[in-house]
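> What would the 3D arrangement of this be:
(3 chains)
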Amino acid sequence: MPVLEQNDRRIWKRRDRATQMRIWLTWLVGVSILMLCWEYISRQTMWIFVLDAPQQAFDMAARMSNPRWEYTEVILVPMWDTINIATLGTLLAIGVAVPMAFLAAHNTTPSRALIRPLALGVIVTSRSINALIWALLLVLIFGPGLLAGVIAIALRSIGFIGKLLYEAIEEIDPRQVEAVRATGAKPAQVLAYGVVPQIMPAFAGISVYRWDTNIREATIIGLVGAGGIGIQLQSSVNSLAWNQVSIIFMAILLTVLVSEWVSARVRHAII
Amino acid sequence: MTAPADTPRRWRKAPFIAHAGWRYALYAGALIYLVIGIGSLSVDWGRVIAGLDRGGAFLGAFLQPDFTSRWNSIQEGMLESLAMTVVSTVFGVLLSIPVALGAARNIAPWPVYYVCRGIIALSRAFQEVIIAILFVAMFGFGPFAGAVTLAFATIGFLAKLLAEDIEDIDRGQLEAVRATGARWLQLMNHAIQPQVAPRFIGLCLYRLDINFREASVIGIVGAGGIGSTLNTAISRYEYDSAAAILLIIIAIVLAVEYSSGYIRRTFL
Amino acid sequence: MLQIEGLTMRYPTGDTALTDVDLTVEQGQVIALIGPSGAGKSTLIRCVNRLVEPSAGTIRLGGESVTALGAGALRLMRRRMGMIFQEYALVERLSVMENVLSGRLGYVGFWRSYLRRYPQEDVDEAFRLLERVGLDHMVDKRADALSGGQRQRVGIARALIQNPDILLVDEPTASLDPKTSRQIMRLILELCRERGLAAIINIHDVPLAMQFVPRIVGLRAGEVVYDGPPAALDAARLTDIYGEEDWSGTTRDDDPAEARDAAHKVAASVDAPEIQRAAGS
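Model prediction:
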């Protein structure tokens, strides 16, 4: 915050001229990028359909507001499948992510030069690719069905759980570990007594949070054939059966609210 | 080990749930659920074995990705995804700020609070792809529907976190600025903004990350971006093109993540 | 019993923490290690059980070389050295009993320790030690629910259940109030006397060290600059160790013998009930 002398008076300015110019320039570049992107989208858009949107929205709302209640029976099993995909996928992911996290954390990895980068590579790859893309690939391999969905959810979650968990491991209190090592404990005992108790709250919180997220993810992977409510959603949307779509939405909303409540309760109980 | 043991006292680790009945009920319930859940998978092992060849072929394609034969549509899809990411993040951020101010209990009046919390809950309840299906039905195929989808999802995500930050701010600073006779906007600018801005900018960068990842899939339901190209490549069994697209996605995700991390470290 | 010869420790950054330290501790002898922050006190006791790997020199415990041991043998050696830490270093989310029993980790196998199925003798000994330090009513409390003095008592019990030959004590009173500090020092000294244990106590509270410990070793910039009884530790010697300062009120130049006798009387007169009362409060 420079103070300038001018005609014997001291003038206070928030920034000096160069900083101010740099800030203006950054804004200019930012806004230009935004305009370019907008122009690109605009070129790819049929504006006639967009202008028609209010009409469409009213039409959809009208059809959805008259839900076909009999359809509820049809989606009970798919909803159950959806929950199973999320739960089993999360469990599977935990099974892989926990060892991965210990291999990736710099204070527990057996080899910083070789194994740590490999484990980090697995975590990064898993995290970069959306569950829907994993599902797309896995349906090719395993065929349509729940198995592809479970593995897709698991593959995406490994990176998420692995990253947060290895960060938690790196943040533990080293003195507690040192104290356990000083008793003459074996390396496995040092992990079990010095490290694991310290990361348990983080681990439980991360897992439950991911399970909650996975319920949402599991509602869509059916769109590519990987099981769950997404299959019914896809066919109802394709046949423009909006009165069924509204039933599906209500079912999803209910499940998501319940899972969010469960996950919040568990996380509170742990802390 | 000096004195001989008087009366041996047993010690067992206090169990997770004190009541034995409940504990075993929980274990049994978990076991039954696992059996039923895994049973419901109904795996067709013949199909899996047949599919493993394809899996192998796909992994092989990663070693020889084909960037050239579909380059035009890959390029178009990528640009579309990036454009959607930028536009949706900017508009999402701009719209999330007023919603967050309305959803912070310590500065918003009750009716506004409930409306804004409602908007947040609505936007967070559904996965982006489901919202995309609705907006595609309303706005037609293309990146516009995608950008609106992501902006909508961004509002729920950022407004919730920002509102929580605002609720956690130091009341003393708020009172001090209010005591100077500042108007509402001045209060926001001098008391709230300095306290929440650094973390909010970090969250915006994180959301930029998420938006790109989502922009690479919502094309599957027709909302523009690389997703439709990828879907086409996979359903035509063009593994080498699909591998090329996935590699580009991973590279861009890494680049975005690395640069947002860099920005956070240097400027915040 | 413990012989340290020519111990030198250089960190990879090039900083020298210890230079050519020679120190011998006899069976049952307690020494206080004093010196300014950064003098290498912590490094010295961590070299003894090789939590820090020394660069040169030899360390022997009961005639057996510590410095030459491989990983497995080192673990067996560590069982013979109980360590007590600054700020306790308890595993915060485990219970008092689990923390005490963790001192037996070097003796029991992994699965036994993992399932918390310790041999009954270990559990008996743990109860006995917790009684001795006045905490037998808090067996299933979690360590992070205890006060500072209580945590340090748990830390002491954890070190003793190892059945060690020597205690390595790192700033046991650094985060305690004056009264609790004295209780903890007294407890450590008593336990050493009861069990014939040797101990090295790092401490930066000089009056406390002089009051309780019969042999003082002063460390400055990684070198031993004083080794003798507290009575001979006058202002000039303290200046050797810590540098220039007005030391009046710290030393007992006027009548050191009387002060030391008084301290010993206090130490000898303490009995378990007082400690129990203090722990309960």
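> can you pull out the strands in the stretch 151-281 of chain C?
For the stretch 151-281 of chain C, the strands defined by DSSP state E, counting those that start in this stretch occupy C:166-170, C:198-202, C:215-220, C:223-228.
> Would you mind checking the average pLDDT for the second one?
If I follow you right, that is strand C:198-202. Averaging pLDDT along strand C:198-202 gives 94.
> What of the last one?
When pLDDT is averaged over strand C:223-228, the result is 90.
> Okay, now the sheet partners of that strand, with direction.
Note on strand C:223-228: by DSSP bridges, its sheet partners are strand C:215-220 (antiparallel).
> ok, longest helix in the chain?
Here I'm looking at chain A. Criterion DSSP state H: the longest helix present in chain A is helix A:71-104.
> right idea, wrong chain: chain C
Once chain C is assigned using DSSP H, the helix that runs over the most residues is helix C:178-195.
> That one packs against which elements?
Here helix C:178-195 touches helix C:148-160, strand C:166-170, strand C:198-202, helix C:206-212, helix C:256-269, helix C:272-280, going by 3 or more CB pairs under 8 Å, 6 or more residues apart in numbering or on different chains; DSSP states H and E. No exception for glycine: its C-beta is placed from N, CA and C like everyone else's.
> just to revisit the earlier point, ok, which of the strands of the stretch 151-281 of chain C comes nearest C:Thr250?
Counting by CB to CB, C:Thr250 lies closest to strand C:215-220 out of the strands of the stretch 151-281 of chain C; the figure is 12.6 Å.
> which residues touch that closest one?
For strand C:215-220, contacts defined as CB atoms under 8 Å, 6 or more residues apart in numbering or on different chains pick out C:21, C:23, C:29-36, C:39-41, C:44, C:209-210, C:224-230, C:233, C:237, C:240-242.
> Next, the angle strand C:198-202 makes with it.
Compare the direction of strand C:215-220 with that of strand C:198-202 by axes from the mean of the first three to the mean of the last three CA atoms, to 10 degrees and you get 40 degrees.
> quick check, distance from strand C:215-220 to the centre of its chain.
Distance, stretch centre to chain centre, for strand C:215-220: 15 Å (CA atoms, centre = their mean, to the nearest Å).
> Any idea how many residues pack against whatever residue of chain A ends up closest to chain C?
Using CB to the nearest CB, the closest approach of chain A to chain C is made by A:Gly184 at 2.8 Å. Using other CB atoms under 10 Å in any protein chain shown, the number of residues around A:Gly184 comes to 24.
> Quick check: the gap between the residue nearest the centre of chain A and A:Ile169.
With distances taken as CA atoms, centre = their mean, chain A has A:Thr213 as the residue nearest its mean C-alpha position (6.3 Å). Counting by CB to CB, to the nearest Å, the separation of A:Thr213 from A:Ile169 is 21 Å.
> Ok, A:Gly205 next?
Note on A:Gly205: its distance to A:Ile169, by CB to CB, is 14 Å.
> Tell me where chain A has helices.
Taking DSSP H to define them, one finds helices in chain A at A:17-43, A:47-51, A:53-64, A:71-104, A:115-128, A:131-142, A:146-170, A:174-182, A:187-190, A:196-218, A:230-238, A:242-270.
> part of a helix, is C:Thr19?
No: remark: C:Thr19 does not belong to a helix; assigned using DSSP: H, G, I helix; E, B strand; the rest coil, it is strand.
> any idea what sits nearest the residue in chain B that chain A sits nearest to, other than its immediate chain neighbours?
Nearest residue of chain B to chain A, counting by CB to the nearest CB: B:Gly140, 3.1 Å away. Sequence neighbours aside, A:Phe49 is the residue nearest to B:Gly140 in space, at 3.1 Å (criterion: CB to CB, 6 or more residues apart in numbering or on different chains).
> neighbours around the one you found, how many?
A:Phe49 is flanked by 17 other residues according to other CB under 10 Å.
> now swap in the one 10 residues further on and tell me
The number of residues packed around A:Asp59, counting by other CB under 10 Å, is 14.
> Which pLDDT value goes with it?
87.
> any idea how far the residue nearest to C:Pro54 when sequence neighbours are not counted is from A:Ala104?
Computed as CB to CB, 6+ apart, the closest residue to C:Pro54 that is not its neighbour in sequence is C:Cys47, at 4.4 Å. According to CB to CB, C:Cys47 and A:Ala104 sit 31 Å apart.
> Helices along the stretch 101-250 of chain B, start to end?
Here the stretch 101-250 of chain B has its helices, by DSSP state H, counting those that start in this stretch, at B:110-125, B:128-139, B:143-167, B:171-179, B:184-187, B:193-215, B:226-235, B:239-267.
> Near chain A, which residues of the stretch 101-250 of chain C are found?
With the criterion set to CB under 8 Å from any CB of the partner chain, the stretch 101-250 of chain C comes near chain A through C:102-107, C:110, C:113-114, C:155, C:158, C:162, C:168.
> again, only this time at 6 Å
C:Ser102, C:Gly103, C:Leu105, C:Gly106, C:Phe110, C:Ser113, C:Tyr114, C:Gln162 (CB under 6 Å from any CB of the partner chain).
> Would you confirm that B:Ala191 contacts B:Gly172?
No: B:Ala191 sits out of contact with B:Gly172 when judged by CB atoms under 6 Å, with a separation of 9.7 Å.
> The helices of the stretch 101-250 of chain B into JSON lines, with extra columns for mean neighbour count, distance to B:Leu63 and mean pLDDT?
JSON lines is the format used below for the helices of the stretch 101-250 of chain B (neighbours: other CB atoms under 10 Å in any protein chain shown; distance: least, CB to CB, whole Å; pLDDT from 0 to 100):
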{"stretch": "helix B:110-125", "mean neighbour count": "16", "distance to B:Leu63": "40", "mean pLDDT": "91"}
{"stretch": "helix B:128-139", "mean neighbour count": "24", "distance to B:Leu63": "30", "mean pLDDT": "90"}
{"stretch": "helix B:143-167", "mean neighbour count": "24", "distance to B:Leu63": "32", "mean pLDDT": "93"}
{"stretch": "helix B:171-179", "mean neighbour count": "13", "distance to B:Leu63": "57", "mean pLDDT": "81"}
{"stretch": "helix B:184-187", "mean neighbour count": "12", "distance to B:Leu63": "58", "mean pLDDT": "83"}
{"stretch": "helix B:193-215", "mean neighbour count": "19", "distance to B:Leu63": "24", "mean pLDDT": "89"}
{"stretch": "helix B:226-235", "mean neighbour count": "22", "distance to B:Leu63": "17", "mean pLDDT": "88"}
{"stretch": "helix B:239-267", "mean neighbour count": "17", "distance to B:Leu63": "8", "mean pLDDT": "86"}
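> A:Leu164 is nearest to which of those?
helix B:193-215 (13.1 Å).
> Return that closest one as PDB; C-alpha atoms alone will do.
In PDB, the C-alpha atoms belonging to helix B:193-215 read as follows (Å, rounded to 0.1, in the frame of the first residue of the first chain):
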ATOM      1  CA  GLN B 193     -15.100 -10.700   2.200                       C
ATOM      2  CA  PRO B 194     -11.700 -10.500   3.800                       C
ATOM      3  CA  GLN B 195     -12.500 -13.400   6.100                       C
ATOM      4  CA  VAL B 196     -13.900 -15.800   3.600                       C
ATOM      5  CA  ALA B 197     -12.200 -14.900   0.300                       C
ATOM      6  CA  PRO B 198      -9.000 -17.000   0.400                       C
ATOM      7  CA  ARG B 199     -10.800 -20.200   1.100                       C
ATOM      8  CA  PHE B 200     -13.600 -19.400  -1.300                       C
ATOM      9  CA  ILE B 201     -11.100 -18.800  -4.200                       C
ATOM     10  CA  GLY B 202      -9.600 -22.200  -3.300                       C
ATOM     11  CA  LEU B 203     -13.000 -23.800  -3.400                       C
ATOM     12  CA  CYS B 204     -13.700 -22.200  -6.800                       C
ATOM     13  CA  LEU B 205     -10.500 -23.700  -8.200                       C
ATOM     14  CA  TYR B 206     -11.500 -27.100  -6.800                       C
ATOM     15  CA  ARG B 207     -14.900 -26.800  -8.400                       C
ATOM     16  CA  LEU B 208     -13.300 -25.800 -11.800                       C
ATOM     17  CA  ASP B 209     -11.600 -29.200 -11.400                       C
ATOM     18  CA  ILE B 210     -14.800 -31.000 -10.800                       C
ATOM     19  CA  ASN B 211     -16.600 -29.200 -13.600                       C
ATOM     20  CA  PHE B 212     -14.100 -30.300 -16.100                       C
ATOM     21  CA  ARG B 213     -14.400 -33.900 -15.000                       C
ATOM     22  CA  GLU B 214     -18.200 -33.700 -15.300                       C
ATOM     23  CA  ALA B 215     -18.000 -31.900 -18.600                       C
END
